[in-house]
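[1] here is my input; please provide its structure:
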Amino acid sequence: MGYLVTGARGFIGGHLLDRLRADGHQAHGISRGYGDDGRNQASHELTGDVRDQKQMQAILRQTRPDIIFHCAAQSYPGIAWKAPLDTFEANAVGTLSLLQSMIDVDLSPRVVICSSSAVYGSGNGRDPINESHALAPADPYGLSKVTQEEIGRYFVRNHSTDVVFARPFFVMGPRKEGDVCSDFAREIVTIESGAKDTISVGNLEVYRDFLDINDAVEAMLLLADRGKGGEAYNICSGDGQSIQSILDILMRHCKRPEISVSVAADKLRKNDLKYRVGDCEKLQALGWTANVSLETSLPNILQYWRKRS
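    Below you'll find the predicted structure:
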């Protein structure tokens with residue numbers, strides 16, 4: 001069984017590739033270049049851009065994968081507001097290029113597309129969001145992911161392509177940047193160094209569905225094995241946690257006994273949803289369960305940034 005992971009330099013794609021290789025699988029990774037992510041650069045192996053059909057055709061002919069994890073994306077909603085066309089090109093056009101390239105070289109692997117919970121938009125109030133919820137994106141990033149899924153469904157209908165859609169919620173872990181968990185952890189490491197004594201925060205009474213990267217990787221592997229073609233699956237814990245609870249856990253593991261907390265005006269978002277929590281029953285029906293607690297996951301993130309400092 002051969003595997004191909006696009007977005008091998010990214011957060012989910014990188015961890016997924018590491019896990020496949022640790023398990024002894026033949027797994028190739030694609031990225032557009034190398035970055036300072038604390039990993040062996042050789043693990044990325046293949047340089048390519050999923051938007052380039054000629055490159056993708058050559059890579060598919062070379063690797064001939066049985067399963068593709070399509071994780072390549074522009075995955076930061078904040079960047080999407082500033083560069084919606086670039087985001088659409090990376091997420092939607094890149095998916096079209098990959099799936100069409102498979103047709104062009106006469107390959108029919110199973111494809112697990114890493115979409116996002118952003119496809120749901122404003123969510124469902126306090127109620128967990130399940131996969132039957134309307135797709136109503138509230139930002140350019142979510143729109144690009146809905147379009148990505150529609151492209152996948154087009155290939156399912158018209159080419160019988162074997163595609164499964166993964167919709168991760170708020171996945172956290174080492175090597176991720178730009179999310180609240182890593183931002184808090186980096187600030188705490190700075191405080192531990194003595195460079196500052198105050199951590200700046202935004203709205204702490206926002207509830208999100210956090211999940212450790214190892215549980216997310218297990219879910220992706222399970223979808224490749226047991227997911228139903230053409231179906232979407234939430235990857236989430238099903239449990240909403242406040243940003244305040246994330247901060248409290250990290251502060252308990254800080255090496256300095258006292259930390260001041262300051263609310264920063266530039267971190268307050270007027271339109272921030274108070275709740276976004278997923279329903280993971282469909283994924284659990286395949287045999288998956290979340291195993292890594294916040295009390296384990298968050299200290300791992302803190303330790304990662306200590307090593308990087």
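[2] going forward, measure contacts and count neighbours with C-alpha atoms only.
    Noted.
[3] look up how far residue 117 lies from the nearest residue to residue 170 once chain neighbours are set aside.
    In this structure, residue 170 finds its nearest non-sequential neighbour in residue 210, 4.7 Å apart by Cα to Cα, 6 or more residues apart in numbering. Using Cα to Cα, to the nearest Å, residue 210 is found at 12 Å from residue 117.
[4] anything in contact with each of those two?
    Shared contacts of residue 210 and residue 117 (Cα atoms under 8 Å, 6 or more residues apart in numbering): residue 169.
[5] what is the helix or strand of the chain with the lowest mean pLDDT packed up against?
    Scoring the helices and strands of the chain by mean pLDDT, DSSP states H and E places strand 260-263 at the bottom, with a mean of 86. Strand 260-263 sits against strand 198-201, with contacts defined as 3 or more Cα pairs under 8 Å, 6 or more residues apart in numbering; DSSP states H and E.
[6] please identify the pairing partners of the strand it packs on and their relative orientation?
    strand 260-263 (parallel) (DSSP bridges).
[7] pull the residues that contact the partner strand.
    Contacts to strand 260-263, defined as Cα under 8 Å, 6+ apart, come from residues 197, 198, 199, 200, 201, 202, 203.
[8] for residue 16, see how far away residue 92 is.
    Going from residue 92 to residue 16 by Cα to Cα gives 21 Å.
[9] gap between residue 147 and residue 106?
    Counting by Cα to Cα, the gap from residue 147 to residue 106 is 24 Å.
[10] what is the nearest of the contacts of strand 260-263 to residue 133?
    The closest of the contacts of strand 260-263 to residue 133 turns out to be residue 203 (Cα to Cα; 26.1 Å).
[11] counting neighbours, what do you get for the closest residue to that closest one other than its chain neighbours?
    Leaving aside its sequence neighbours, residue 203 sits nearest to residue 268 (Cα to Cα, 6+ apart; 5.8 Å). By the other Cα atoms under 10 Å criterion, the neighbourhood of residue 268 contains 13 residues.
[12] one more: residue 66?
    Per other Cα under 10 Å, the neighbour tally for residue 66 reads 14.
[13] tell me the phi and psi of the closest residue to it other than its chain neighbours?
    The shortest distance from residue 66 to any non-neighbouring residue, by Cα to Cα, 6+ apart, is to residue 109 (4.6 Å). Recorded main-chain torsions at residue 109 are phi -70, psi 160, according to degrees, to the nearest 10.
[14] can you map out the helices along the stretch 101-250 of the chain?
    Assigned helices in the stretch 101-250 of the chain, in chain order: 140-159, 180-192, 213-226, 243-252 (criterion: DSSP state H, counting those that start in this stretch).
[15] now the angle from the shortest one to helix 180-192?
    Angle between the axes of helix 243-252 and helix 180-192 is 30 degrees (criterion: axes from the mean of the first three to the mean of the last three Cα atoms, to 10 degrees).
[16] would you mind extracting the C-alpha trace of helix 243-252 into PDB?
    What follows is helix 243-252, C-alpha atoms only, in PDB (Å, rounded to 0.1, in the frame of the first residue of the first chain):
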ATOM      1  CA  ILE A 243     -10.300  29.900  25.600                       C
ATOM      2  CA  GLN A 244     -10.100  30.700  29.300                       C
ATOM      3  CA  SER A 245      -9.700  27.000  30.100                       C
ATOM      4  CA  ILE A 246      -6.900  26.700  27.600                       C
ATOM      5  CA  LEU A 247      -5.100  29.600  29.200                       C
ATOM      6  CA  ASP A 248      -5.600  28.200  32.700                       C
ATOM      7  CA  ILE A 249      -4.000  24.800  31.800                       C
ATOM      8  CA  LEU A 250      -1.000  26.400  30.200                       C
ATOM      9  CA  MET A 251      -0.500  28.900  33.000                       C
ATOM     10  CA  ARG A 252      -0.500  26.000  35.500                       C
END
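[17] who are the packing partners of it?
    With contacts taken as 3+ Cα pairs under 8 Å, 6+ apart, helix 243-252 sits against helix 180-192, helix 294-308.
[18] so what secondary structure elements neighbour the shortest one?
    Contact partners of helix 180-192 among helices and strands, from 3+ Cα pairs under 8 Å, 6+ apart: strand 198-201, helix 243-252, helix 294-308.
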